[in-house]
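K.L.:
no FASTA, just this:
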């Protein structure tokens with residue numbers, strides 16, 4: 001029988017093992033491209049048997065991408081092993097009780113996320129799933145759709161207490177799993193999900209950055225990095241997507257936004273055969289400040 005102290009020693013040893021192997025595989029495309037099925041199975045099994053430690057996830061993140069190359073074989077293997085492991089490894093907070101618990105975790109760790117907390121584990125798990133879909137991998141994209149649906153992404157990102165680190169993970173997942181994809185995910189272009197994110201999250205965070213104190217004594221670096229990198233990246237990817245160009249819904253939103261900001265009539269710009277009078281702004285701009293409006297004008301019209 002293993003004593004408590006000995007058990008902790010085993011956990012520490014395995015975590016250090018994961019960190020060491022991670023350093024060996026880091027940006028080594030030749031090594032990552034080799035047959036690594038047993039190595040992947042080993043670290044997924046470590047999560048199942050020795051606990052949900054982020055170091056195991058970070059190794060799996062490392063093995064699916066090296067030197068800006070996405071290792072398709074490793075992506076497929078990692079995804080399959082995660083699914084095989086099930087709820088012991090794949091931890092989501094998508095029912096009401098667990099979602100509320102996750103919100104409480106974000107509130108308590110808003111200013112300092114604990115590396116060993118369930119919150120940090122979930123953030124790294126979502127990042128891992130995003131890594132498995134990078135490079136347009138249709139097999140992993142389909143698997144991820146069932147794990148983290150659009151409704152769950154929007155509910156999390158638009159919650160007032162959602163912290164930048166969680167938003168970054170979820171929006172990165174959204175970008176790689178639903179937008180920058182091999183096969184069109186029609187729902188993201190025909191539904192209201194993206195427009196809800198614009199109105200209730202992206203614009204709000206942009207305004208927070210734009211109206212922050214100019215003395216820079218207490219900047220929210222995490223929020224700034226999220227907005228200037230992650231948010232800008234998904235906006236550019238979404239509107240530059242060939243699927244976006246083909247979507248009547250997206251083009252109509254863009255058209256109405258351009259008309260609204262140009263103070264012109266629908267007839268001046270209408271790309272459609274039937275002109276429809278513009279009755280209101282495409283977004284509820286009365287809710288936003290001049291800073292948010294300026295950001296929206298930049299994003300949609302430049």
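P.N.:
Okay, I see it. Remember, it's a predicted structure, so these values are computed and weren't measured experimentally.

K.L.:
Roughly how far does the residue lying closest to residue 99 once chain neighbours are set aside sit from residue 87?
P.N.:
Spatial nearest neighbour of residue 99, excluding adjacent residues (Cβ to Cβ, 6 or more residues apart in numbering): residue 93 at 5.0 Å. All C-beta atoms are positioned from the backbone trio N, CA, C, and that covers glycine. Separation of residue 93 from residue 87 (Cβ to Cβ, to the nearest Å) stands at 12 Å.

K.L.:
More neighbours: which of these two?
P.N.:
Between residue 93 and residue 87, counted using other Cβ atoms under 10 Å, the more crowded position is residue 93 (19 against 7).

K.L.:
what kind of secondary structure is the spatially closest residue to residue 55 that is not a sequence neighbour in?
P.N.:
Using Cβ to Cβ, 6+ apart and skipping the chain neighbours, the partner closest in space to residue 55 is residue 18 (4.2 Å). Put simply, residue 18 is helix when judged by DSSP: H, G, I helix; E, B strand; the rest coil.

K.L.:
What's the local residue count around residue 107?
P.N.:
Residue 107: 10 neighbours (other Cβ under 10 Å).

K.L.:
which secondary structure element contains residue 159?
P.N.:
For residue 159, there is no helix or strand it lies in under DSSP states H and E.

K.L.:
buried stuff in stretch 177-190?
P.N.:
Under the neighbour-count criterion of 16 or more other Cβ atoms under 10 Å, stretch 177-190 has 177, 178, 179, 180, 181, 184, 185, 188, 189 buried.

K.L.:
and the second one, what does it touch?
P.N.:
Shown here is residue 178, whose contacts under the criterion Cβ atoms under 8 Å, 6 or more residues apart in numbering are 145, 150, 185, 187, 188.

K.L.:
What's the separation between the residue nearest to residue 99 and residue 253?
P.N.:
Residue 93 is 30 Å from residue 253, by Cβ to Cβ.

K.L.:
And for residue 130?
P.N.:
25 Å.

K.L.:
higher neighbour count, these two?
P.N.:
Legend: neighbour count by other Cβ under 10 Å for residue 130 and residue 253, higher for residue 130 (22 against 19).

K.L.:
Could you pull out the strands in this protein for me?
P.N.:
With DSSP state E as the criterion, the chain has strands at 65-66, 69-70.

K.L.:
list the contacts for residue 202?
P.N.:
Contacts of residue 202 by Cβ under 8 Å, 6+ apart are 227, 231, 235.

K.L.:
what about the first one, how many residues close to it?
P.N.:
Looking back up the chat, that one is residue 227. Counted with other Cβ under 10 Å, residue 227 comes out at 22.

K.L.:
wouldn't the residue nearest to residue 55 be in contact with residue 46 here?
P.N.:
Yes - applying Cβ atoms under 8 Å as the test, residue 18 and residue 46 come out as touching, 7.2 Å apart.

K.L.:
is it possible to export the contacts of residue 178 to TSV including pLDDT and distance to residue 28?
P.N.:
Listed next are the contacts of residue 178 as TSV, based on pLDDT from 0 to 100; distance: Cβ to Cβ, whole Å:
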residue	pLDDT	distance to residue 28
145	95	31
150	97	35
185	92	32
187	93	37
188	94	34
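
K.L.:
can these go into TSV with extra columns for distance to residue 112?
P.N.:
Listed next are the contacts of residue 178 as TSV, based on distance: Cβ to Cβ, whole Å:
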residue	distance to residue 112
145	33
150	30
185	36
187	36
188	34
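
K.L.:
Among those, which are located in helices?
P.N.:
145, 150, 187, 188 (DSSP state H).

K.L.:
could you point out where the stretch 1-150 of the chain is predicted with low confidence?
P.N.:
For the stretch 1-150 of the chain, applying pLDDT under 70 flags the ranges 1-10.

K.L.:
Let's see that with 90 instead.
P.N.:
Low-confidence segments of the stretch 1-150 of the chain, defined by pLDDT under 90: 1-18, 34-36, 67-68, 109-116.

K.L.:
can you give me the helices in it?
P.N.:
For the stretch 1-150 of the chain, applying DSSP state H, counting those that start in this stretch gives helices covering 4-25, 29-32, 37-50, 54-63, 72-85, 96-108, 118-133, 138-147, 150-157.

K.L.:
what's next to the second one, contact-wise?
P.N.:
Okay, so that is helix 29-32. 24, 25, 62, 63, 64, 65, 66, 67, 69, 71, 74.

K.L.:
The fourth one too?
P.N.:
Where contact means Cβ under 8 Å, 6+ apart, the residues beyond helix 54-63 that reach it are 15, 18-19, 21-22, 25-26, 32, 36, 39-40, 43-44, 46-47, 71, 74, 78, 115-116, 120-121, 124-125, 127-128, 131.
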